[in-house]
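Student: I'd like to go over a predicted model; first the sequence, then the structure.
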Amino acid sequence: MFSIEEILVMVFGLLIRAMTSVHPHSGQGVPPMFGDYEAQRHWQEITVNLPIQDWYQNTTDNDLMYWGLDYPPLTAYHSWIVGKVAQFYDPSFVELQTSRGTENYEHKIFMRNSVLIVDVLLYIPAVLFFCRSLFISESQKQVLLAAILLYPGQILIDNGHFQYNNISLGLFVLAVAFILRDRNFLASMAFVLALSYKQMELYHALPFFFYLLGLCLRKEPNWLSAFVNLAKIGLVVIATFGLIWWPFFPQIEQVLTRIFPLNRGLFEDKVANFWCALNVLFKIKTLYTSDFLALTSAVTTLALSLPSNLALFWRPTKSQFLCSLLNTSLVFFLFSYQVHEKSILLVAIPAFMMLTVNQGRFSRLVTTWFLLTTTFSMWPLLKKDGLYLAFLALQVIFATFCHYCGFFEFGEIVTATNNKKIRASPKPMSNTDLMKTTCYDWLIWTLFNFSLVGFVAIISASVYVEPPAKLPDLWTLMISVYSAGHFLGFLLYFLNCQYQLYFQQTNQDFVTGSEKKNK
């Protein structure tokens with residue numbers, strides 16, 4: 001059963017998603033490609049009108065240069081389901097060829113509702129299930145539930161820009177919740193489903209792999225038991241993959257080529273990651289071949305991901321797992337190949353999960369600072385879509401909520417296993433409070449405020465100041481480089497948090513009920 005608080009939070013989360021849906025979407029009224037909105041509609045058109053073997057193939061009726069399918073099969077199956085409903089509701093929405101560019105009022109209502117239905121059926125229940133899986137107080141579960149459902153980035157991309165990230169993210173959150181409940185087979189199945197919907201879930205694959213591997217090899221009483229459990233998990237993964245992918249085995253090479261398009265280059269649009277920022281100083285995209293850059297990014301990403309995941313393997317606790325999810329996904333966003341600005345959502349959701357792990361006195365402020373930065377980093381995309389008002393309103397709502405709940409204060413997170421008193425941030429002006437404030441407190445607080453002022457200044461300039469003719473992408477590049485600098489700093493902070501947690505004697509500031517019983 002739901003508590004009245006949970007119902008109110010979920011209803012409000014759904015309400016602001018519905019309100020965001022009335023704003024413009026990607027590519028609205030911008031032919032000939034029309035943006036991501038048209039991409040999703042076109043996939044529905046292709047899947048309901050063509051045989052399954054043609055979905056990823058370039059044919060007379062399926063021009064891959066016009067929004068060809070480039071996500072795994074579960075996305076195609078979802079497009080087919082929505083397309084069948086569209087065919088029943090109004091066949092003109094998905095008529096082969098002639099439906100291109102459809103974006104009338106009736107179709108917009110249909111498409112927007114298709115996202116809201118997924119929010120109701122999958123994403124919001126998954127977030128609730130995750131929060132209920134935590135061993136924290138009921139009030140803290142409700143606060144975390146509200147924080148995740150109020151996060152502007154996911155709302156602006158799915159319900160504003162228009163995508164279905166709520167499916168892959170919902171399945172990912174479900175998989176993490178199963179891990180917290182020690183339902184590892186169900187967790188493996190849910191994560192394979194998430195990965196089979198969007199290949200970007202590879203951002204989270206290493207922590208799942210190393211946690212389950214470490215659990216089998218280091219927690220089991222003998223090698224036979226470890227091998228049996230590992231084999232069972234492997235069979236679940238293989239069976240789930242096989243069930244989803246078997247219709248495409250004859251054309252697997254073509255599907256994988258579509259999913260991992262190395263020919264697109266290291267990055268396309270200006271994105272807030274290391275390579276794009278580096279390209280401002282050294283034109284690496286023109287100096288080196290795509291193959292060399294792909295290999296370089298792969299080696300760099302894996303090398304920087306390994307320390308966090310080896311720590312997880314050696315000490316496979318749920319605290320380490322949540323830390324590794326955040327650190328690995330942030331490394332992938334900063335250093336992997338073909339990163340899109342929207343991929344920061346894959347880092348933001350683990351950041352919310354890290355709010356349940358004690359990382360020191362600055363943990364809440366730094367994590368909230370990071371979450372605000374993730375939405376700021378997507379400003380060029382949201383500005384292009386005309387989502388000015390939605391961006392401003394949702395950021396203010398989220399920041400106000402975080403302030404009200406004390407997310408901008410210093411002090412360790414209060415959990416069921418930690419009742420330390422929270423110290424306030426250096427806002428009170430009493431002499432007693434000022435005496436308790438350290439230099440590090442003031443430094444972090446000052447950097448935080450200057451950081452937000454910088455974002456506001458650059459965003460305001462991008463709206464009101466015309467860039468020089470020779471530098472038409474000036475403000476977009478400034479947002480990308482400024483955000484990338486922040487993300488590199490956050491990565492160092494979060495890595496340090498994980499290693500401090502690793503070397504703690506108890507090693508468990510955050511536990512689930514099942515773990516507590518085992519202690």
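Tutor: That came through, no problem. Numbers count the residues shown, from 1 in each chain.
Student: wouldn't residue 131 be in contact with residue 143 here?
Tutor: No. Using CB atoms under 8 Å, residue 131 is not in contact with residue 143; the gap is 9.1 Å. For every residue, glycine as well, the C-beta is placed using N, CA and C.
Student: what about these two, which has more around it?
Tutor: In this view residue 131 and residue 143 are compared by other CB atoms under 10 Å, and residue 131 has more residues nearby, 27 against 22.
Student: The more buried one sits in which helix or strand?
Tutor: Here residue 131, judged by DSSP states H and E, is contained in helix 124-132.
Student: and the helix or strand following that helix, what does it pack onto?
Tutor: Of the helices and strands lying after helix 124-132 in sequence (DSSP H and E), the nearest is helix 138-149. In this structure, helix 138-149 packs against helix 4-20, helix 124-132, helix 345-354, helix 388-404, with contacts taken as 3 or more CB pairs under 8 Å, 6 or more residues apart in numbering; DSSP states H and E.
Student: Now the first one: buried residues?
Tutor: Just to be clear, that refers to helix 4-20. 6, 9, 10, 13, 14, 16, 17, 20 (16 or more other CB atoms under 10 Å).
Student: Report the next helix or strand after whatever helix or strand residue 225 lives in in sequence order.
Tutor: Residue 225 is part of helix 223-245 when elements are defined by DSSP H and E. Per DSSP H and E, the first helix or strand lying C-terminal to helix 223-245 is helix 252-259.
Student: about what we covered before: present the buried residues of helix 4-20 as a markdown table; the columns should include pLDDT and distance to residue 87.
Tutor: Converted to a markdown table, the buried residues of helix 4-20 look like this (pLDDT from 0 to 100; distance: CB to CB, whole Å):
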| residue | pLDDT | distance to residue 87 |
| --- | --- | --- |
| 6 | 93 | 36 |
| 9 | 95 | 36 |
| 10 | 96 | 31 |
| 13 | 97 | 31 |
| 14 | 97 | 27 |
| 16 | 97 | 31 |
| 17 | 97 | 26 |
| 20 | 97 | 27 |
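Student: any low-confidence regions in the stretch 401-519 of the chain?
Tutor: Counting by pLDDT under 70, the stretch 401-519 of the chain shows low-confidence ranges at 411-437, 505-519.
Student: switch the cut-off to 80
Tutor: Within the stretch 401-519 of the chain, the ranges that satisfy pLDDT under 80 run 410-438, 504-519.
Student: all helices of it, in order?
Tutor: 431-436, 439-464, 474-503, 513-518 (DSSP state H, counting those that start in this stretch).
Student: who wins for proximity to residue 298 among those?
Tutor: helix 474-503 (18.0 Å; CB to CB).
Student: Count the residues that sit near residue 268.
Tutor: So residue 268, with other CB under 10 Å, has 13 neighbours.
Student: doesn't residue 339 make contact with it?
Tutor: No. Using CB under 8 Å, residue 268 is not in contact with residue 339; the gap is 9.2 Å.
Student: any idea of the angle the helix holding residue 131 forms with helix 345-354?
Tutor: An angle of 30 degrees separates the directions of helix 124-132 and helix 345-354 when computed by axes from the mean of the first three to the mean of the last three CA atoms, to 10 degrees.
Student: Now do helix 124-132: distance to the chain's middle.
Tutor: Relative to the centre of its chain, helix 124-132 is centred 16 Å away, using CA atoms, centre = their mean, to the nearest Å.
Student: Just want the angle from that helix to helix 4-20.
Tutor: Using the same axes, to 10 degrees: helix 124-132 against helix 4-20 is 140 degrees.
Student: Just name whatever secondary elements helix 124-132 is in contact with.
Tutor: Against helix 124-132 (3+ CB pairs under 8 Å, 6+ apart) you get helix 4-20, helix 138-149, helix 165-180.
Student: now do 6 Å
Tutor: Counting by 3 or more CB pairs under 6 Å, 6 or more residues apart in numbering; DSSP states H and E, the packing neighbours recorded for helix 124-132 are helix 138-149, helix 165-180.
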